[in-house]
Every structure is written in structure tokens, then in C-alpha cells.
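Undergrad: predicted structure and sequence below. I'll ask about it afterward.
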Amino acid sequence: HFKKRSDSTTQQAKRLNIFKYSTMINILVTGANGQVGSELKALAAQYPDFSFDFIDKEELDITQEAEVMAYFEKKKFAYCLSCAAYTAVDKAEEQKDIAMLVNTVGAKNLALAAEKAGGRILHLSTDYVYHNSQNTPFVETDETNPQGVYAESKLAGDRTILNINPKNLVIRTSWVYSTFGNNFVKTMLRLGADRDKLTVIFDQIGTPTYAYDLAKAMLDILVKIENKTVESDSIGGVYHYSNEGVTSWYDFATAIFRIENINCHVSPIETKDYPTAAKRPHFSLLNKAKIKKEFGLEIPHWEASLEHCLKALRVNS
């Protein structure tokens, strides 16, 4: 069911030591136009043994089980990188049905189709599922306590995926930004250019995640599974990934302005001074020891990755 190379191409590849595998590894990426999906597209050429199908909601409605099953039947995907999600945290409070449909039912449909095809899912989730009062970094076994529709829908999706196949991987992340789409970094750059001063929340603590780093980690995990440098049958369940270090939204904003030499004064405010429809976790540091140990990943510090992103934005502007 994999697309085979021609004999001549395979032999040439073996002589040149280009390819590790005799067949292409078929990978479906949902949410292809989102931040992580866009980074996966940009990285795809660096992984010549993987054959990618990048889709967004226009190509496949993941909330429709029959459509998802039919799509998987066309090509038996070894993996699905599940990046599609309803992420409008505040709107979800008014659009619960839509949020649950995408984040829970959609996740279930992908997991069922992957299971039928003999594949597995790497599914992106969120730090919002914890929202507890602890002050030490969350480990994967900590109790969940979702506050709001978005968090509830994501947690339900996580559980459904792992109930269907415990060998699937759920990767919970936080504060994602990139050169693509809309995110905190781009918002600060825009506001900093237009205003002399801003107020930013200082009592929400966590770690930014550069979508490029996360996308590369996901692909490197697949490489390690395929190369059998990790025991495929022993991995699965929940994992955490964010960049290293700790900061607040206030400190994140000041770092952006410092690196870009933007003269905009930032004043810290408390969460209570900036009310939102959905509650944000005050503390969402993620312990990454599990994913680093099992897959041998080296994770960059958030400031180094921020500089990388800002440099890329300058080059592309």
C-alpha cells in the first residue's frame, strides 16, 4: 500500500546512501495552513523518505467520519500529524458545538481511520487542560482540570485518541507562535510599531513554543520510530513539548521589543485587569523530561527560538 520507488531509483539511492527505507512513508498532515502545519510544509523537503499529504478543512472535513474514512482508503497513511483544531478560545464559549465537533469528533474520526489503516496519530493538544493551582511544572500524569469549552473539547479529543489506540501520541504544548498566521509575536510587532505604550499581563507564567521547533520535533520522532532507534511498541500516550525556560506574557513582550529595538513602553497588568470570556491558566509550565528522554530531543531555549523567528520575519518582510 506504500508507493514504491522504481528499481533503478532504489538501487541508486542505496549506492548514494540517500534513502533509509525501501518504501515511502505516507504521512497525512491536517491543519496544513495553521502555524505548525505551515512549518511542517516548510520542513518537508528535508525528509525525503516521507511522502506528505497536506490538507486543510477545504480539502477534508475531519468532522465527517465517512469523508475521513474514504480519504484514508485512498492512501494507507502510516502516520497522521493531527494539527487541525478549533483554537478560538473565547469564541468557543459561545460556539461549544463547533469546538466539540472539531476538537473531539474530528480527532476521533482521524484516530478511527488511522487505526483501520494500521497507522498511528501524533496529535497536538494544549496546556489548557491542566489549569490547576500547583506551582511546579506539569508532568503528563498530573490531574487535568479544564476550564472552559476549548480546554474541555481538547481534553476529550486527547482521551478519545488514546482510547482508540494507546500507542498514539498526544503532544501538549503552549503559547505557540511562528512566522505564519496570527500570533502573539506578530501582534506585539504590529502594536509596538503603532503605539508608544502597551499593557501586557504579567501573572500568567509559561513557556512560548516556536512552531518550527515543534514541527521539527514531530518529524524527528517519526524518523526515530522508523529507524527503530526507539522501541515503537513501548511509546505512546501523552507528551509535553514547549521551548525551554520560563517567562510571562509581559516578559515575552519586552523581549520582542528589546530584540527588535522597538521603542514601546510595556506596563505589567494582572489578569483581572484584562477579563476574557474563557479563563486562562495562571501557571502552565510543562515538564519535558519524558519526551526528551524517550526520543533524545534537544529543545532550544525560548529566547534563542524567538530570535530565530524574528530574524526570519525580518528576512521575509
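TA: In hand now; what should we look at?

Undergrad: report how many residues lie close to the nearest residue to Thr229 once chain neighbours are set aside.
TA: Leaving aside its sequence neighbours, Thr229 sits nearest to Gly296 (C-beta to C-beta, 6 or more residues apart in numbering; 7.6 Å). All C-beta spots, glycine's among them, are computed from the backbone N, C-alpha and C. For Gly296, the neighbour count with other C-beta atoms under 10 Å is 12.

Undergrad: next: Lys197.
TA: 10.

Undergrad: swap in Thr136?
TA: Other residues near Thr136 come to 9 when the count uses other C-beta under 10 Å.

Undergrad: can you give me the distance of it to Phe283?
TA: 9 Å (C-beta to C-beta, to the nearest Å).

Undergrad: residue nearest the centroid of this structure?
TA: Leu124 (4.6 Å; C-alpha atoms, centre = their mean).

Undergrad: and that residue, its phi and psi?
TA: Dihedral pair for Leu124: phi -90, psi 130, per degrees, to the nearest 10.

Undergrad: just checking, it touches Leu169?
TA: No - using C-beta atoms under 8 Å, Leu124 is not in contact with Leu169, being 9.9 Å away.

Undergrad: which strand or helix spans Glu294?
TA: helix 289-295 (DSSP states H and E).

Undergrad: again, but for Val238
TA: Applying DSSP H and E, one finds Val238 within strand 237-240.

Undergrad: what packs against the very next helix or strand once past that strand?
TA: On the C-terminal side of strand 237-240, the nearest following helix or strand under DSSP H and E is strand 247-248. Strand 247-248 is packed against strand 205-206, with contacts defined by 3 or more C-beta pairs under 8 Å, 6 or more residues apart in numbering; DSSP states H and E.

Undergrad: re the thing from before, ok, the strand holding Val238: who's next to it in the sheet?
TA: strand 169-173 (parallel) (DSSP bridges).

Undergrad: what is the mean pLDDT for the strand it pairs with?
TA: For strand 169-173, mean pLDDT is 98.

Undergrad: identify the residues contacting that strand?
TA: Contacts to strand 169-173, defined as C-beta atoms under 8 Å, 6 or more residues apart in numbering, come from residues 120-127, 129, 140, 158, 161-162, 209, 214, 218, 221, 235-242, 286, 291.

Undergrad: just the buried members of the residues you listed?
TA: Neighbour-count burial (16 or more other C-beta atoms under 10 Å) applied to the contacts of strand 169-173 gives 120-127, 129, 140, 158, 161-162, 209, 214, 218, 221, 235, 238-242, 286, 291.

Undergrad: look up how far Arg314 lies from the residue nearest to the centre of the chain.
TA: Taking C-beta to C-beta, one finds Leu124 at 27 Å from Arg314.

Undergrad: how about Lys272?
TA: 36 Å.

Undergrad: quick one: the strands in this structure, in order.
TA: For the chain, the strands defined by DSSP state E occupy 25-30, 50-54, 79-82, 120-126, 169-173, 176-177, 197-201, 205-206, 209-210, 237-240, 247-248, 265-269.

Undergrad: perfect, that will be all.
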